[in-house]
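**Q** heads up, no residue letters with this:
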């Protein structure tokens with residue numbers, strides 16, 4: 001009889017075994033309001049690989065400067081406040097050789113293959129990337145075959161290479177090789193800043209600085225549209241002088257390997 005009484009007493013002292021009130025799966029957020037008294041008794045079992053905190057309990061001072069928070073555990077979308085970085089801190093943007101096919105308004109992306117000054121893409125509407133409207137040009141693009149300034153994306157009407165001056169073909173709106181030999185093909189308005197195949201889309205410099213390490217200009221000299229009309233030969237330091245040739249200033253050399261591109265809207269036909 002004494003044995004039975006001892007066992008019965010232990011049962012009442014310990015109480016019933018904790019019962020499971022909620023079922024969680026990987027990725028679920030456990031709110032403090034969901035934790036019942038019984039679940040609290042088995043709290044230690046929920047700690048494997050998980051840190052659980054009471055709502056509003058984490059302060060700035062609690063986060064160590066070297067804390068490493070997994071990106072898939074951190075979601076700032078629901079934070080209705082400004083996220084600030086300390087002096088000297090940096091914020092990395094998602095990056096790659098081309099922007100993703102989908103985006104949400106407000107997203108940012110850094111295109112590592114784009115021309116300098118056209119690297120940052122802003123999602124202005126669902127699945128639509130755009131370049132910021134205000135772009136600061138740099139006087140010395142960082143490497144060969146790069147450019148900085150106002151850049152537009154267009155479809156090429158010819159096979160083009162870096163530095164090719166182009167006019168807009170009135171029949172189809174494509175960028176074609178400009179040629180100062182005739183007025184109809186001499187209204188150059190943009191310069192290709194990459195290798196672009198005919199009928200393919202590519203970037204063109206409207207106004208800014210282009211760098212090509214194979215150039216050998218004299219600093220300060222005027223650069224004209226040439227009469228050659230072939231890829232790689234559309235810019236020249238000599239003003240066209242043949243009959244009916246068109247004189248159009250394309251820009252000014254700012255260095256041996258750099259030209260400040262600023263196509264003139266005025267063309268003079270040589271008699």
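**A** Cool, the structure landed. Predicted, not measured: the structure shown is a model, and the values here were computed from it.
**Q** show me the shaky parts of the stretch 51-200 of the chain.
**A** For the stretch 51-200 of the chain, applying pLDDT under 70 flags the ranges 51-89, 115-117, 133-136.
**Q** so where do the strands sit in it?
**A** 95-96, 108-111, 120-125, 128-130, 146-155, 165-168, 175-177, 190-192 (DSSP state E, counting those that start in this stretch).
**Q** which stretch among those is buried most, on average?
**A** strand 190-192 (a mean of 26; mean count of other Cβ atoms under 10 Å). Backbone N, C-alpha and C define where each C-beta goes, glycine included.
**Q** pairing partners for it, with directions?
**A** Paired with strand 190-192 in the same sheet, following DSSP bridges, are strand 165-168 (antiparallel), strand 201-211 (antiparallel).
**Q** hang on, the earlier thing: and the strands of the stretch 51-200 of the chain: which comes nearest residue 224?
**A** Among the strands of the stretch 51-200 of the chain, strand 165-168 comes nearest to residue 224, with 9.6 Å by Cβ to Cβ.
**Q** what does that closest one contact?
**A** Here strand 165-168 makes contact (Cβ atoms under 8 Å, 6 or more residues apart in numbering) with 156-157, 160, 174-178, 185-192, 204, 225, 234-235, 250, 263.
**Q** show me where the protein has its helices.
**A** 2-14, 37-41 (DSSP state H).
**Q** okay, and the beta partners of residue 108?
**A** Bridge pairing for residue 108 - DSSP bridges - gives residue 122.
**Q** how far away is it from residue 127?
**A** As judged by Cβ to Cβ, to the nearest Å, residue 108 and residue 127 stand 15 Å apart.
**Q** can you list the domains in the chain?
**A** 19-56, 85-135, 139-271 (automatic domain parsing).
**Q** can you give me the buried ones in stretch 203-210?
**A** 203-205, 207-210 (16 or more other Cβ atoms under 10 Å).
**Q** got the contact list for residue 197?
**A** Contacts for residue 197 (Cβ under 8 Å, 6+ apart) come out as 156, 159.
**Q** try residue 226
**A** The neighbours of residue 226, taking Cβ under 8 Å, 6+ apart as the test, are 179-180, 233-236, 240.
**Q** and those, which of them are in strands?
**A** Cross-referencing the contacts of residue 226 against strands under DSSP state E gives 235-236.
**Q** now, which of the contacts of residue 226 sits nearest residue 255?
**A** Distance to residue 255 across these (Cβ to Cβ) is lowest for residue 235, with 14.5 Å.
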